[in-house]
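Visitor: heads up, no residue letters with this:
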């Protein structure tokens, strides 16, 4: 299975970039993983929030293929323990999902068109995190899931 993480805007903090580099290397031992950053929109200070969402949404949708299974990270999404999420991913792998795309939206969330395209929603916490730090959290949980699937000792119960 190939997993892609689409994010909006650049990762600006070095500690997040360094952490992501570590997990991306680790994840690469288990499956094909890539990250695509949608450039931040310019001149948004006077732009209505809905227009920002819609313009970001158009850029996101251009990166998605018809055969992709799409999951948006959203506070209203499904919540899993790490072990349950690993089981869910393993089920997707075993039932023929070839391309899984996760999307982290910008500061204002997703356009309605992106929400309509999504096959499901995932929440990593009841708390709200910045769209930058959640990238690192997601990648760590993806790595953790892969070690659980493979029976490796990273995850402790």
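Guide: Nice, I can see it. Remember, predicted model here, so these are calculated numbers, not experimental data.
Visitor: list the contacts for the most centrally placed residue in the chain?
Guide: Residue closest to the average C-alpha location in the chain (Cα atoms, centre = their mean): residue 102, at 3.6 Å. Residue 102 makes contact with 3, 4, 5, 6, 71, 72, 73, 122, 138, according to Cβ atoms under 8 Å, 6 or more residues apart in numbering. To be clear about C-beta, it is placed using only N, CA and C from the backbone, and glycine gets the same treatment.
Visitor: how about those residues in JSON lines, adding neighbour count, secondary structure and distance to residue 48?
Guide: As requested, the contacts of residue 102 are arranged in JSON lines below (neighbours: other Cβ atoms under 10 Å; DSSP: H, G, I helix; E, B strand; the rest coil; distance: Cβ to Cβ, whole Å):
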{"residue": "3", "neighbour count": "22", "secondary structure": "strand", "distance to residue 48": "33"}
{"residue": "4", "neighbour count": "19", "secondary structure": "strand", "distance to residue 48": "29"}
{"residue": "5", "neighbour count": "22", "secondary structure": "strand", "distance to residue 48": "28"}
{"residue": "6", "neighbour count": "23", "secondary structure": "strand", "distance to residue 48": "23"}
{"residue": "71", "neighbour count": "19", "secondary structure": "strand", "distance to residue 48": "27"}
{"residue": "72", "neighbour count": "24", "secondary structure": "strand", "distance to residue 48": "21"}
{"residue": "73", "neighbour count": "22", "secondary structure": "strand", "distance to residue 48": "23"}
{"residue": "122", "neighbour count": "19", "secondary structure": "strand", "distance to residue 48": "28"}
{"residue": "138", "neighbour count": "21", "secondary structure": "helix", "distance to residue 48": "29"}
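Visitor: now, which of those sits nearest residue 22?
Guide: Here the nearest of these to residue 22, counting by Cβ to Cβ, is residue 138; it sits at 13.6 Å.
Visitor: pretty sure the closest one contacts residue 6?
Guide: No. Between residue 138 and residue 6 no contact is recorded; they are 11.2 Å apart, counting by Cβ atoms under 8 Å.
Visitor: tell me, what's touching the two both at once?
Guide: Applying Cβ under 8 Å, 6+ apart, one finds that residue 138 and residue 6 are jointly contacted by 102, 104.
Visitor: the closest residue to residue 108 other than its chain neighbours: neighbour count?
Guide: Of all residues beyond its chain neighbours, the one nearest residue 108 is residue 49 (5.0 Å), with distances taken as Cβ to Cβ, 6 or more residues apart in numbering. Around residue 49 there are 11 other residues, counting by other Cβ atoms under 10 Å.
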